[in-house]
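1. Structure of the sequence below:
(2 chains)
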Protein chains: 2
Amino acid sequence: MKFCSECGGQIILAVPADDTRERFVCSQCATIHYVNPKVVAGCLPLWQDRVLLCKRAIEPRKGFWTLPAGYLENGETMEAGAHRETWEEAAAKVENSNLYTVFSLPHISQVYIFYKADVVDGVFGVGTESLDSGLFAEHEIPWDELAFPVVTDTLKHYFKDRKNDTYPVREGVISFKRRLKKRD
Amino acid sequence: MKFCSECGGQIILAVPADDTRERFVCSQCATIHYVNPKVVAGCLPLWQDRVLLCKRAIEPRKGFWTLPAGYLENGETMEAGAHRETWEEAAAKVENSNLYTVFSLPHISQVYIFYKADVVDGVFGVGTESLDSGLFAEHEIPWDELAFPVVTDTLKHYFKDRKNDTYPVREGVISFKRRLKKRD
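-> Have a look, this model is predicted:
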């Protein structure tokens, strides 16, 4: 951040009065520009005993498999954002959605929220942000080809919780980059 | 947003290619400036059968009672943010914290997350952002003097769940401004 979005003045790093952290402050109009974590909302879309995954068409982790998820928009509930992303990435409508996993990712200042949901009529497609999509039974999950730790962890929770058919909300912290498989 | 924080150029509203929404876009360097919801993290701090509330010293809702909560900072887990805010507003350390309530507030583009937690040794004070603080038994809660609907709803969930001594994560949407009592 170099220029003030309010007046175009020069931005400096400074600790405002009554604050304890450095902020982006305008040297001209004194506006403080706070930068905060972003929320990513997504779904764990289910059809019968299978999970709907998408192959990413965009970086990061292009070519790897993911659960449909993306940045929450202003004016949107987390559930609506999760449904929208499932539509955009997997052309699937979902129903019966319930909050399922919640992650803090402090190293990249993100919060991830997944809803467990049923794919309506098992209908899906390939969204513009995906190269491919498909329904995977537990033994078919491409564990080494998953895009992000939040996806791996959500799937692991699900297959474990499915044994008891109870799905309490699971919270986790992913505080560093796990070693992920590189593309060939 | 009037000026580009990258180059100081004029900002226009435009729908970028491969997008469906108007964004703040720089007319000079074409940088897209996304604006997304903010996360507020807080605690439901408990000591024996009482809840720790703070009287707000700052707007909005100055003079009304709240649970300690505030904007999540970059680089912070939600739990760490909730603990920090409890320290800043109520000078209380907490332990045994568990995710408890999760709210979407689309009309103000916020997500609220509360952790149920125990106040260490029952010790608390009045933080710089508070006028007062105190432990309240259920019959002492100032229901008409609570600052925000998320506070009211979290307290209602808690007193109901306490009857069964089970505290599943509760999700809610607050999609409009409830009629709140004005200050005298």
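2. rest of the way, CA atoms for contacts and neighbours
-> Fine.
3. name the element A:Gly42 belongs to?
-> strand A:38-47 (DSSP states H and E).
4. How many residues are close by A:Gly172?
-> Counted by other C-alpha atoms under 10 Å in any protein chain shown, the residues lying close to A:Gly172 total 15.
5. All the strands of chain A, in order from the start?
-> For chain A, the strands defined by DSSP state E occupy A:11-14, A:23-26, A:32-33, A:38-47, A:50-56, A:65-66, A:69-71, A:94-105, A:110-119, A:130-136, A:170-173.
6. which helices and strands sit right next to the first one?
-> Just to be clear, that refers to strand A:11-14. Applying 3 or more C-alpha pairs under 8 Å, 6 or more residues apart in numbering or on different chains; DSSP states H and E, one finds that strand A:11-14 makes contact with strand A:23-26.
7. How about the fourth one?
-> Contact analysis of strand A:38-47 by 3+ C-alpha pairs under 8 Å, 6+ apart lists strand A:50-56, strand A:69-71, helix A:78-90, strand A:110-119, strand B:38-47 as its packing neighbours.
8. Mind putting those into CSV with mean pLDDT, mean neighbour count and distance to B:Phe114?
-> Below are those laid out as CSV (pLDDT from 0 to 100; neighbours: other C-alpha atoms under 10 Å in any protein chain shown; distance: least, C-alpha to C-alpha, whole Å):
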stretch, mean pLDDT, mean neighbour count, distance to B:Phe114
strand A:50-56, 98, 24, 30
strand A:69-71, 97, 22, 21
helix A:78-90, 97, 24, 16
strand A:110-119, 98, 24, 14
strand B:38-47, 98, 25, 5
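9. Among those, single out whichever gets nearest to A:Lys163.
-> If you check each of those against A:Lys163 by C-alpha to C-alpha, strand A:50-56 wins as the nearest, at 14.1 Å.
10. returning to what we had before: with just CA atoms, put the strand holding A:Gly42 into PDB.
-> Provided in PDB are the C-alpha atoms of strand A:38-47 (Å, rounded to 0.1, in the frame of the first residue of the first chain):
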ATOM      1  CA  LYS A  38     -10.300 -12.800   4.500                       C
ATOM      2  CA  VAL A  39     -13.000 -15.400   4.800                       C
ATOM      3  CA  VAL A  40     -13.100 -18.300   2.300                       C
ATOM      4  CA  ALA A  41     -16.400 -20.200   2.200                       C
ATOM      5  CA  GLY A  42     -16.900 -23.600   0.600                       C
ATOM      6  CA  CYS A  43     -18.800 -26.800   0.500                       C
ATOM      7  CA  LEU A  44     -18.200 -30.500   1.100                       C
ATOM      8  CA  PRO A  45     -20.800 -31.600  -1.600                       C
ATOM      9  CA  LEU A  46     -22.000 -35.100  -1.200                       C
ATOM     10  CA  TRP A  47     -24.000 -37.500  -3.400                       C
END
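11. and the angle from that strand to strand A:94-105?
-> Going by axes from the mean of the first three to the mean of the last three C-alpha atoms, to 10 degrees, strand A:38-47 is angled at 140 degrees with respect to strand A:94-105.
12. mind listing what strand A:38-47 pairs with, with the direction of each?
-> Strand A:38-47 pairs in its sheet with strand A:50-56 (antiparallel), strand A:69-71 (antiparallel), strand A:110-119 (parallel), by DSSP bridges.
13. what's the neighbour count on A:Ala14?
-> 16.
14. distance between stretch A:93-109 and the chain's centre?
-> The chain centroid and the centroid of stretch A:93-109 are separated by 7 Å under C-alpha atoms, centre = their mean, to the nearest Å.
15. distance of the spatially most central residue of chain A from chain B?
-> Closest residue to the average C-alpha location of chain A: A:Val40 at 3.7 Å, with C-alpha atoms, centre = their mean. Using C-alpha to the nearest C-alpha, to the nearest Å, we find A:Val40 at a distance of 10 Å from chain B.
16. Was I right to think that residue contacts A:Ile113?
-> Yes. Counting by C-alpha atoms under 8 Å, A:Val40 does reach A:Ile113; the two are 6.3 Å apart.
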